[in-house]
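**Q** Please find the sequence and the predicted model below.
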Amino acid sequence: MQLKHYLQFKDLSADEYGYLFTRAAFIKHKFKAVEKHQPFADPDRTLAMIFEKASTRTRVSFEAGMYQLGGSVVHLTTGDSQLGRAEPIEDSAKVISRMVDLVMIRTFEQSKIERFAAHSRVPVINGLTNEFHPCQILADLFTLVEYRPAASGQPLDAIRGKVVAWVGDGNNMANTWLQAAELLGFTVHVSTPGGYEVDPALAGISDRACFKVFKDPREACAGADLVTTDVWTSMGYEAENEVRREAFARWCVDEDMMRAARPDALFMHCLPAHRGEEVSAEVIDGPQSVVWDEAENRMHVQKALMEYLLLGRL
Ligand code: CP
Ligand code: NVA
């Protein structure tokens, strides 16, 4: 099989996403029915997970998911490996990828994961970088398809033409939403405070029609099928915490913003969340919020992704 990495959302085609959503639904169904699905059992496959930043969902979803597929995991952090003692990323990639079948990395600069992938013998998956978080958007779109399926039954039809409101920081999540919108044919209404805008060049999109910018977050939510946000301060930017708290004060998704969206609009948040900052407790714990299914779906879509990268279409 040709070596395939998942470093950004646009590394896969719309057709491949169509397959992955259908496959993730099948894998989730098996999990719920407590039926075995172990394509990685014989021969046993191993995933190395490298974390240079903290994680709850990404760690648990990849680790539990890999065991469920019949495989094994190795967990590495900066602090407990030679990565933290300046071993070149290229050398680490060459060594680690001789011993395992897949690598998942959560790190800082996107260039770091790209350098790793360039020297890896096995598929590399982005578990979050400063620039992108593709596994999260994969889960978010799968969740949207689950809640609002198309009459045709085709997952991509459920996504095409939708309006997603992004309220908050022009961060790794926002960049990934833009890539998904360009690839799968929907629109993102983006509202960020001044100075925290999305940068289309950094997001790696060429079609500016896939997003619209709004000064007022409530206007961004108007008519949206999905309203979504994220922390004001991402990992790695903690020194800016106080400045950001002031700048983002008006970018809290509250019931007023949800009322501006479509009556059947969903609310999503990649989590962890800060109630009273980027989202009110009423919204995240309210009837339109699907954040717990969204979090669980990380595991199901990543199982489909790992299976696909390693074994192709089954
Ligand atoms: N959403 C997400 O990636 O969560 P963790 O930081 O807990 O992995
Ligand atoms: N934007 C957040 C997402 C956390 C899952 C961060 O990078 O910290």
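**A** The structure has been received and is ready for your questions. Ligands and ions are numbered 1, 2, ... in the order given.
**Q** what about the strands in this structure?
**A** Listed in chain order, the strands of the chain (DSSP state E) span 46-51, 72-77, 102-106, 124-126, 163-167, 187-191, 211-213, 226-229, 266-269.
**Q** got TSV for those, with distance to Lys4 too?
**A** C-beta: built from backbone N, CA, C; applies to glycine. What follows is the strands of the chain, written out as TSV (distance: least, CB to CB, whole Å):
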stretch	distance to Lys4
strand 46-51	15
strand 72-77	20
strand 102-106	11
strand 124-126	9
strand 163-167	26
strand 187-191	26
strand 211-213	27
strand 226-229	28
strand 266-269	27
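**Q** what pLDDT does Leu83 get?
**A** Note for Leu83: predicted pLDDT of 90.
**Q** Any idea how many residues pack against the residue lying closest to Lys94 once chain neighbours are set aside?
**A** In space, and not counting its chain neighbours, Lys94 is closest to His119: 5.3 Å by CB to CB, 6 or more residues apart in numbering. When neighbours are defined as other CB atoms under 10 Å, His119 has 17 of them.
**Q** residues touching the residue nearest to Lys212 when sequence neighbours are not counted, list them.
**A** Computed as CB to CB, 6+ apart, the closest residue to Lys212 that is not its neighbour in sequence is His189, at 5.4 Å. By CB atoms under 8 Å, 6 or more residues apart in numbering, His189 lies in contact with Val163, Val164, Ala165, Trp166, Phe211, Lys212, Phe214, Glu219, Ala220, Cys221, Ala222, Ala224.
**Q** With Tyr308 instead?
**A** Taking CB under 8 Å, 6+ apart, we find Tyr308 in contact with Glu16, Tyr19, Leu20, Arg23.
**Q** distance of the residue nearest to Lys212 from ligand 1?
**A** In this view, His189 and ligand 1 are 22 Å apart by CB to the nearest ligand atom, to the nearest Å.
**Q** same thing with Phe108?
**A** 14 Å.
**Q** now do Arg106
**A** 7 Å.
**Q** same deal with Gln302?
**A** 11 Å.
**Q** and that residue, how many neighbours does it have?
**A** The burial count assigned to Gln302 is 28, neighbours taken as other CB under 10 Å.
**Q** Return the residues in contact with it.
**A** Counting by CB under 8 Å, 6+ apart, Gln302 touches Ser61, Phe62, Gly65, Ile125, Cys135, Leu138, Ala139.
**Q** quick revisit: make TSV from the strands of the chain and add mean pLDDT to it.
**A** Shown next, in TSV, are the strands of the chain (pLDDT from 0 to 100):
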stretch	mean pLDDT
strand 46-51	98
strand 72-77	98
strand 102-106	98
strand 124-126	99
strand 163-167	98
strand 187-191	98
strand 211-213	98
strand 226-229	98
strand 266-269	99
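**Q** With distance to ligand 2 added, can I get those in a markdown table?
**A** Below are the strands of the chain laid out as a markdown table (distance: least, CB to the nearest ligand atom, whole Å):
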| stretch | distance to ligand 2 |
| --- | --- |
| strand 46-51 | 12 |
| strand 72-77 | 16 |
| strand 102-106 | 9 |
| strand 124-126 | 12 |
| strand 163-167 | 12 |
| strand 187-191 | 15 |
| strand 211-213 | 18 |
| strand 226-229 | 10 |
| strand 266-269 | 9 |
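**Q** Out of those, which is closest to Phe9?
**A** Proximity to Phe9 (CB to CB) singles out strand 124-126 among the strands of the chain, at 9.1 Å.
**Q** Which elements pack onto that closest one?
**A** Packed against strand 124-126 by the contact rule (3 or more CB pairs under 8 Å, 6 or more residues apart in numbering; DSSP states H and E) you find strand 102-106, helix 110-118, helix 134-147, helix 291-311.
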